[in-house]
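A.B. asks: Coordinates for the following, if possible.
(chains A and B)
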Amino acid sequence: MTMVNQRRSGGGQLQRPSSSGLADVVDIILDKGLVIDAYVRVSLVGIELLTIDARVVVASVDTYLRFAEATNRLDLYEHGGKDLTELMGDGVHQAARGKTSGAIEGIKEAFTGGGDEEEDEERRRPAKKAPARRRRSQSE
Amino acid sequence: MTLTDSGATMDDRTAGPAALTAQYVYAIVPAGTSVPDDLTGIDDNGIELIAHGPVAAVVGKVETDRAFGLRDDLLAHSRVTDALAGRCALIPVRFGAVVTDTDAVVGELLAPNVDYFADVLDDLAGHRQYVVRARYDEEAVLAEIVREEPEIAALRDHTRDLAVEASWTERLRLGELVARALEIKRDIDSAALLDLLVPHCGAWNIRAAGEVDHLVDVAFLVADEQLEAFEQAAEQAARDLAGRGRVRLVGPMAPYDFVPGDDRWVS
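C.D. replies: Residues are numbered from 1 along each chain as shown, chains lettered A, B, ... in the order given. Below you'll find the predicted structure:
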């Protein structure tokens, strides 16, 4: 279970992690895979926290101010600045597309909610996933 | 539930005092798949196959009266699906699926869907999923944007040394312009990456974006015979982005992006 043991193939630029670290695992398997109908499933304590999309969407005004600050802090002559990701927060992509309203409420409810609200949260997910452009070249 | 397969007889074990255990479902695989002896799942419990016709559910016992969703649970789920994906076609089940017992696995999960699962497994045979994750070097790309857009450079100069309150409107405008410029860059750079990689895969799926340095995350379903060309294309994409960002290739892994279930939530 050791993570991020990077190797580079053939001396090139491409990074090939030798095993999936937790960050990759979270991104890759949460929200993905075959969904078993709720009526077949057994409820698990704590699972609702993991159904929350880790990508918190922030309101656009807030996002824009963070962008501005990051740009202002940028030192164009000496590359000294750091932690831009932390500074600017998550959800920038969605915010930039203007699909922000309602997401924060959804997440808050999910954190406080019980069994029924877990379902509500799942129903709400399509709105948050909308920016994902999905195309498949493979025919059924 | 009426049983249609003898696979459910092992449930006798869970009767009585062990009522708080249930079957955690990791994946659907072709019946007859061999599970590595040393493969363990959640709580280090062993992995079993419950077969029904041509398909089988990969399950393991789990206690249902404990908090679930710990780091180890997630890694165990991933470990099982990835280990099996290296051996056979596999439909990974979404994390956290627990069914009461083997009766329910057969009667409610496998039996009603057996033809469907068999079709999906046929389609996935000989393919593996890889995820390409491209990230910007934030400073490099923000510096590009300031250089390329005179209005952004001017607003930056103007607001830099002013208090936030004294330059609220200008800052909002600056941030909006930077966000838009980043969006355009993402579209251009991700299109270039896709042009390189898409010819070498069977299917692909762009994932929702996250952090500011995010360029693009794409899952690819790659046939075994395409792999070499696909890896070379990924290497080319990384070279093209050198100095402005980096590209990671994660996998092979279970085909999480290419199974039924996700579509239900995507409008």
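A.B. asks: For B:Ser219, give me its contacts.
C.D. replies: In this structure residue B:219 is Ala, not Ser. Residues counted as contacts of B:Ala219 (CB atoms under 8 Å, 6 or more residues apart in numbering or on different chains) are A:Ile28, B:Gln129, B:Tyr130, B:Val131, B:Trp204, B:Asn205, B:Arg207, B:Tyr256, B:Asp257, B:Phe258. The way it works is simple: take the backbone N, C-alpha and C, and place the C-beta from them, glycine included.
A.B. asks: Three-state assignment for the third one, please.
C.D. replies: Per DSSP: H, G, I helix; E, B strand; the rest coil, the secondary structure class of B:Tyr130 is strand.
A.B. asks: Please determine whether stretch A:21-34 lies in contact with chain B.
C.D. replies: Yes. Stretch A:21-34 is in contact with chain B by CB under 8 Å from any CB of the partner chain, via A:Leu22, A:Asp24, A:Val25, A:Val26, A:Asp27, A:Ile28, A:Ile29, A:Leu30, A:Asp31, A:Lys32, A:Gly33, A:Leu34.
A.B. asks: Pipe those residues into TSV and attach pLDDT per row.
C.D. replies: Formatted as TSV, the residues of stretch A:21-34 next to chain B follow (pLDDT from 0 to 100):
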residue	pLDDT
A:Leu22	77
A:Asp24	79
A:Val25	80
A:Val26	78
A:Asp27	76
A:Ile28	77
A:Ile29	78
A:Leu30	76
A:Asp31	75
A:Lys32	82
A:Gly33	83
A:Leu34	86
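A.B. asks: Narrow the residues you listed to those in helices?
C.D. replies: A:Leu22, A:Asp24, A:Val25, A:Val26, A:Asp27, A:Ile28, A:Ile29 (DSSP state H).
A.B. asks: If you count contacts, what does the host helix or strand of B:Trp204 end up packed against?
C.D. replies: Using DSSP states H and E, B:Trp204 falls within strand B:203-206. Secondary-structure packing of strand B:203-206 (3 or more CB pairs under 8 Å, 6 or more residues apart in numbering or on different chains; DSSP states H and E): helix B:168-197, strand B:214-223.
A.B. asks: Give me whichever of those is most buried.
C.D. replies: strand B:214-223 (a mean of 22; mean count of other CB atoms under 10 Å in any protein chain shown).
A.B. asks: is chain A contacted by the helix or strand just after that one?
C.D. replies: Per DSSP H and E, the first helix or strand lying C-terminal to strand B:214-223 is helix B:227-241. Yes. Counting by CB under 8 Å from any CB, chain A is contacted by helix B:227-241 at B:Glu231, B:Ala234, B:Glu235, B:Ala237, B:Ala238, B:Arg239, B:Leu241.
A.B. asks: From these, list the buried ones, please.
C.D. replies: Burial by neighbour count, judged by 16 or more other CB atoms under 10 Å in any protein chain shown, picks out B:Glu231, B:Ala234, B:Glu235, B:Ala237, B:Ala238, B:Leu241 from the residues of helix B:227-241 next to chain A.
A.B. asks: isn't the second one right next to A:Leu14, touching?
C.D. replies: Spelled out, it's B:Ala234. Yes. Using CB atoms under 8 Å, B:Ala234 and A:Leu14 qualify as a contacting pair, with a distance of 5.4 Å.
A.B. asks: what sits in contact with each of those two?
C.D. replies: Common neighbours of B:Ala234 and A:Leu14 (CB under 8 Å, 6+ apart) are B:Val247, B:Leu249.
A.B. asks: Do you know the pLDDT at residue 83?
C.D. replies: No chain specified, so I'll use chain A. Looking at A:Asp83, its pLDDT stands at 38.
A.B. asks: I was thinking of chain B, sorry if that wasn't clear
C.D. replies: Model confidence at B:Ala83 (pLDDT) stands at 91.
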